[in-house]
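Colleague: Okay, here's the prediction I keep looking at, along with the sequence it came from:
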Amino acid sequence: MYVMKDSEYMFVFTGPDGSGRKTVADAVAQTLGIRKVPGYATRKPRPGEVDGVDYHFISRTLYDQLEEDGEFLESIELRGNKYGIRDKDVARAFEKSGSVYLILNREGADILKEKYGDHCIRLFIYADRRTVEERQRALGLPDDVIQEHLSRYEYDMEYQSQCEHAFENYDLAHTVFDITNTLEKYLNRGLVDKD
Ligand SMILES: Nc1ncnc2c1ncn2[C@@H]1O[C@H](COP(=O)(O)OP(=O)(O)OP(=O)(O)O)[C@@H](O)[C@H]1O
Ligand SMILES: Nc1nc2c(ncn2[C@@H]2O[C@H](COP(=O)(O)O)[C@@H](O)[C@H]2O)c(=O)[nH]1
């Protein structure tokens with residue numbers, strides 16, 4: 001497992017599907033110059049998804065092999081598909097930037113918090129149920145996927161109180177501004193610690 005330096009942070013964006021985690025996280029990261037750690041997924045890419053950017057899309061056979069070899073820092077199964085974060089990808093991302101970000105469900109966020117403690121900061125992004133449904137419909141996600149996501153909505157929302165920070169996401173520019181300000185405090189703290 002990668003051992004973080006005092007100045008390094010792992011920012012985990014979590015919250016209900018469709019709340020805008022990816023959109024918000026990518027915008028904040030671009031401003032702050034922090035690097036994404038894309039996970040591995042055994043499901044098929046959806047229209048618009050890019051291999052290596054949204055996920056590394058791999059076969060179930062390869063995933064099982066990597067898992068057997070102990071390559072994953074955390075791994076979950078959802079709707080018959082496996083998703084996981086590879087330890088060496090975290091290490092590589094930290095080599096290139098002082099802090100990194102990931103987009104995970106609450107189970108993954110819990111695992112990384114357990115492993116990295118104060119250096120894992122969970123950012124809970126949310127919007128009301130109707131809004132997340134509309135956003136997913138507008139994206140053209142299949143109905144069964146939207147229904148499955150919505151079936152977890154209340155359960156996902158309960159995780160808010162356990163996260164270090166929570167942000168509602170309606171006005172995108174406003175959300176990105178607030179999160180950027182919050183993360184800057186951690187990044188500046190890292191610099192102060194270093195000196
Ligand atoms: N503040 C916002 N206002 C309007 N639309 C938004 C806002 N934030 C995100 N969106 C849009 O909502 C849709 C879902 O966003 P995104 O994919 O970032 O969500 P997510 O939480 O990562 O969901 P999933 O895990 O299902 O992919 C996208 O089309 C995105 O452009
Ligand atoms: N714990 C983990 N959660 C992950 C990982 N990669 C993605 N996710 C989250 O799971 C669902 C997947 O939904 P899908 O619609 O993209 O199939 C979503 O909430 C992701 O954020 C991971 O490696 N570990």
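Modeller: Good, I have the coordinates. Residues are numbered from 1 along each chain as shown. Ligands and ions are numbered 1, 2, ... in the order given.

Colleague: residues from the chain in reach of ligand 2?
Modeller: 17, 39, 43, 74, 76, 78, 83-85, 103-105, 107-108, 145 (C-beta under 6 Å from any ligand atom). Quick note: C-beta positions are derived from backbone N, CA and C, even for glycine.

Colleague: Which secondary structure state does the closest residue to ligand 2 within the chain sit in?
Modeller: As assessed by C-beta to the nearest ligand atom, ligand 2 sits closest to Gly108 within the chain, at 2.1 Å. Of the three states, Gly108 takes helix according to DSSP: H, G, I helix; E, B strand; the rest coil.

Colleague: So what's the residue count around it?
Modeller: A count of nearby residues for Gly108, using other C-beta atoms under 10 Å, gives 21.

Colleague: same thing with the one 5 residues further on?
Modeller: Other residues near Lys113 come to 19 when the count uses other C-beta under 10 Å.

Colleague: tell me the contacts of it?
Modeller: Each residue near Lys113 by C-beta atoms under 8 Å, 6 or more residues apart in numbering is listed here: 12, 120, 122.

Colleague: So which of those is the closest to ligand 1?
Modeller: Val12 (12.6 Å).

Colleague: The closest one: which element?
Modeller: Applying DSSP states H and E as the criterion places Val12 in strand 9-14.

Colleague: So what does the residue positioned nearest the centre of the chain look like in phi/psi?
Modeller: Geometric centre of the chain, nearest residue: Ile103, 0.9 Å, by C-alpha atoms, centre = their mean. Note on Ile103: its backbone torsions stand at phi -120, psi 110 [degrees, to the nearest 10].

Colleague: Ser19 is in contact with that one, correct?
Modeller: No. Counting by C-beta atoms under 8 Å, Ile103 stays clear of Ser19, with 10.6 Å between them.

Colleague: Find residues that contact each of those two.
Modeller: With C-beta under 8 Å, 6+ apart, Ile103 and Ser19 have no common neighbours.

Colleague: other SSEs contacting the lengthiest helix in the chain?
Modeller: Ranked by residue count and defined by DSSP state H, the top helix of the chain is helix 172-194. Judged by 3 or more C-beta pairs under 8 Å, 6 or more residues apart in numbering; DSSP states H and E, the packing partners of helix 172-194 are strand 9-14, helix 21-32, strand 99-103, strand 120-126, strand 165-168.
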